[in-house]
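In: Here is my input, please return the structure:
(2 chains)
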Amino acid sequence: QVQLVESGGGVVQPGRSLRLSCAVSGFTLSNYGMHWVRQAPGKGLEWVAVMSNDGSHISYVDSVKGRFTISRDNSKNTLFLQMNSLRVEDTAVYYCANGRGDGPEFDYWGQGTLVTVSS
Amino acid sequence: QSVLTQPPSASGTPGQRVTISCTGSSSNIGSNTVYWHQQFPGTAPKLLIYYNDQRPSGVPDRFSGSKSGTSASLAISGLQSEDEADYYCTTWDGSLNGWVFGGGTKLTVL
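Out: The predicted structure follows:
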């Protein structure tokens, strides 16, 4: 059974950093690209970043470029999102989801982890 | 303002057929496949349609997707009360070099 479990969310002050993790089980992470998607309270879904299965291709939404870094450790079946210089508008539930691989993208989602940026 | 435009709301009565549109441009829907997601309050999204019109296993055939030019649609036939949820379209945008989501459509079953 496939499971994606996000962790690392919490309350942080503007300008500080946070690192999210997405632990994957039930499929081999190295076979899949992976996404981060976020949802601000009461708002719609916003795609944040994607990394190919081997890490050779990475893309970010403009609003996080230069501040967020997506990475992965395939040996530990874990995806990461390093978030620096956090802003109030980064407050959201952050989801990880599968990317291109042995099936359609966005087939598997985690339960999400809440990041609150507030002074 | 989302790159993909969806109506903010839609509604129907049980048994009816409803459609939700998703309008984009040549750089996104016009040249890439469309995915649709269903989301209930407080839960993670669930993939409903991929590659424009394909259903993952377990998704009822009441749900169908289509694409024409720079627009896509999600149709739900035989509407049920359990279909009341938010629906999002998404696709890759070659100009933005990233994925884009529609603003979402809240479906109400009257």
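In: now the strands: where do they sit in the chain?
Out: Let's take chain A. For chain A, applying DSSP state E gives strands covering A:3-7, A:10-12, A:18-25, A:34-39, A:45-51, A:58-60, A:68-73, A:78-83, A:92-98, A:113-117.
In: right idea, wrong chain: chain B
Out: Under DSSP E, chain B gives strands at B:9-12, B:18-23, B:35-39, B:46-49, B:63-68, B:71-76, B:86-93, B:98-101, B:105-109.
In: Can you check which of those strands gets nearest to residue A:85?
Out: strand B:98-101 (19.6 Å; CB to CB). For the C-beta atoms, the positions are set from N, CA and C on the backbone; glycine is no exception.
In: Given that closest one, what are its sheet partners and their directions?
Out: If you go by DSSP bridges, strand B:98-101 pairs up with strand B:86-93 (antiparallel).
In: which one of the strands of chain A lies closest to chain B?
Out: Proximity to chain B (CB to the nearest CB) singles out strand A:45-51 among the strands of chain A, at 4.0 Å.
In: May I have that closest one as CSV, with CA atoms only?
Out: C-alpha atoms of strand A:45-51 as CSV (Å, rounded to 0.1, in the frame of the first residue of the first chain):
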residue,chain,number,x,y,z
LEU,A,45,-4.4,24.4,-4.7
GLU,A,46,-1.1,25.9,-5.8
TRP,A,47,1.7,23.9,-7.3
VAL,A,48,5.1,24.7,-5.7
ALA,A,49,7.9,22.6,-7.1
VAL,A,50,8.7,19.4,-9.0
MET,A,51,11.9,17.2,-9.1
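In: Show me the contact partners of it.
Out: Residues outside strand A:45-51 that contact it (CB atoms under 8 Å, 6 or more residues apart in numbering or on different chains): A:33-40, A:57-61, A:64, A:68, A:70-72, A:79, A:81, A:92, A:94, A:99, B:37, B:39, B:45, B:88, B:90, B:98-101, B:104.
In: Selection in ChimeraX covering whichever of those residues are buried, please.
Out: In ChimeraX syntax, the buried subset of the contacts of strand A:45-51 is picked out as below (16 or more other CB atoms under 10 Å in any protein chain shown):
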select /A:33,34,35,36,37,38,39,59,60,61,64,68,70,72,79,81,92,94,99 /B:37,39,45,88,90,98,99,100,101,104
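In: Return the residues of chain B in contact with chain A.
Out: Selection of chain B residues close to chain A by CB under 8 Å from any CB of the partner chain yields B:2, B:35, B:37, B:39, B:44-47, B:50-51, B:54, B:56, B:86, B:88, B:90, B:96-104.
In: Name the nearest residue to residue B:84, sequence neighbours excluded.
Out: The shortest distance from residue B:84 to any non-neighbouring residue, by CB to CB, 6 or more residues apart in numbering or on different chains, is to residue B:109 (4.6 Å).
In: what sits against that neighbour?
Out: Applying CB under 8 Å, 6+ apart to residue B:109 gives the contacts B:11, B:12, B:13, B:14, B:79, B:80, B:81, B:83, B:84.
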